[in-house]
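Peer 1: coordinates only, sequence not included:
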Ligand SMILES: Nc1ncnc2c1ncn2[C@@H]1O[C@H](COP(=O)(O)OP(=O)(O)OP(=O)(O)O)[C@@H](O)[C@H]1O
C-alpha cells in the first residue's frame, strides 16, 4: 500500500453551534494531485487549517505523512502551503521574500525558481506593498513550487490569476507531479480541478459528499444520447440505465444514459441508426447535481 501524504480520521471542527467540518475521513496517497472542491463556506479552508495544525480539531486527528498534524514544527518541514489570502512583508521586495522563504522552507531548487519567476512574469524587484492580489499569489506559488517539499497544500491557488497564468499554474502542478510531489488543492473552479487533478473530493456543508477520479465522477452521471434512425423506432424503454426517452422530430430521439452503455447499444444495433451523438456532462453539471440549486449553507 502506498504511503499517505495526508490522512484525516473523523476530523471535525465546530464553531459554537456551527459544524464547519463534520467527521472527515480521507487519505491522499503520496504522489497524487488531489482536488478539494466545494462552494464558498463548504469548509475547505477549515479543513486545510486542521490538516496543517493551524486550528485544533473539535474531534478526530490528522497526519502529514506519519507525523501528527498537531506537531507543527515537524510536519511543516514536509510541506509548502499557499493560503487563500496571501499576506507578504510589505517593505520587502519579491526577491527578498523568495530568498527568506527559501531559507525557512524544506529546501529550494533555485534554478527552477528563477524559471518560475520568468514563466509567471513576476517583477521581483518591487516591494510587496505594490503587488496586486494576483502578484502576491504568484510570489507564494513560486516559493511553494520551487521547494522540494514532498507535499504542496494550495488553498484556492488561482483565484487571483489571469487565464495565461492559470495555464502556467497547471503546467507547474504537472511538473510537481512528475517530480513525485503530492499536491492538495482546494478550489471552486471546476475547470481547474478537471485539468490538473487525479482525484477529487466534493465537500458540501462540511461533509464529504464524494471522493472519486474525475473519470468516475463523470461515469456516475448521466450522458445525453441523441439517435437518428430510419425505419422502426428503437425500443429503449425497458433498457437498464436508459431514462427519459423522447422523440425530438422525425426519426430522431434523445435519452439519458447512466452507467455502462452495452444494453443500450445492443438495442440500437437492432435498429437502423444513421447517426449517434453522446454528450458527456460537464463537471459543472455534475457539480450542480451534487448541490442542486440550494446555497452551500
Ligand atoms: N474562526 C471561525 N469562527 C467561526 N466560524 C468560522 C470560522 N472559520 C470559518 N467559519 C465558518 O465555517 C464555515 C466554513 O468556512 P471555510 O472558510 O472553511 O469555508 P470554505 O469552503 O473555505 O469557503 P471559501 O471558499 O469561501 O473560502 C463557514 O460557515 C464559516 O463562516
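Peer 2: Cool, got the structure. Worth saying up front: this structure is predicted, and the values here are computed from it rather than measured.

Peer 1: tally of neighbours for residue 217?
Peer 2: 23 (other C-beta atoms under 10 Å). Any C-beta I mention is one placed from the backbone N, CA and C, and that applies to glycine too.

Peer 1: Are we agreed that it is in a strand?
Peer 2: No - the secondary structure assignment for residue 217 gives helix rather than a strand, going by DSSP: H, G, I helix; E, B strand; the rest coil.

Peer 1: Not counting sequence-adjacent ones, nearest residue to it?
Peer 2: Excluding its sequence neighbours, the residue lying closest to residue 217 (C-beta to C-beta, 6 or more residues apart in numbering) is residue 286, at 5.8 Å.

Peer 1: can you tell me how far the one you found sits from the ligand?
Peer 2: Distance, residue 286 to the ligand, by C-beta to the nearest ligand atom, to the nearest Å: 18 Å.

Peer 1: Point me to the helix or strand that includes that residue.
Peer 2: Following DSSP states H and E, the helix or strand that holds residue 286 is helix 283-291.

Peer 1: if we can go back for a sec, tell me how far the residue nearest to residue 217 lies from residue 165.
Peer 2: In this structure, residue 286 and residue 165 are 26 Å apart, going by C-beta to C-beta, to the nearest Å.

Peer 1: What of residue 136?
Peer 2: Using C-beta to C-beta, one obtains 13 Å as the distance from residue 136 to residue 165.

Peer 1: now the end-to-end length of stretch 32-42.
Peer 2: Between the opening and closing residues of stretch 32-42 lies a distance of 23 Å (C-alpha to C-alpha, to the nearest Å).

Peer 1: ok, residues contacting it?
Peer 2: When contacts are taken as C-beta atoms under 8 Å, 6 or more residues apart in numbering, the neighbours of stretch 32-42 outside the stretch itself are 5-6, 28, 44, 47-48, 173, 176-177, 182-188, 190, 192-193, 196-206, 287, 291, 295-297.

Peer 1: Just the buried subset of the residues you listed, please.
Peer 2: Neighbour counting over those (16 or more other C-beta atoms under 10 Å) leaves 5-6, 28, 44, 47-48, 173, 176-177, 182-188, 190, 192-193, 196-206, 287, 291 as the buried ones.
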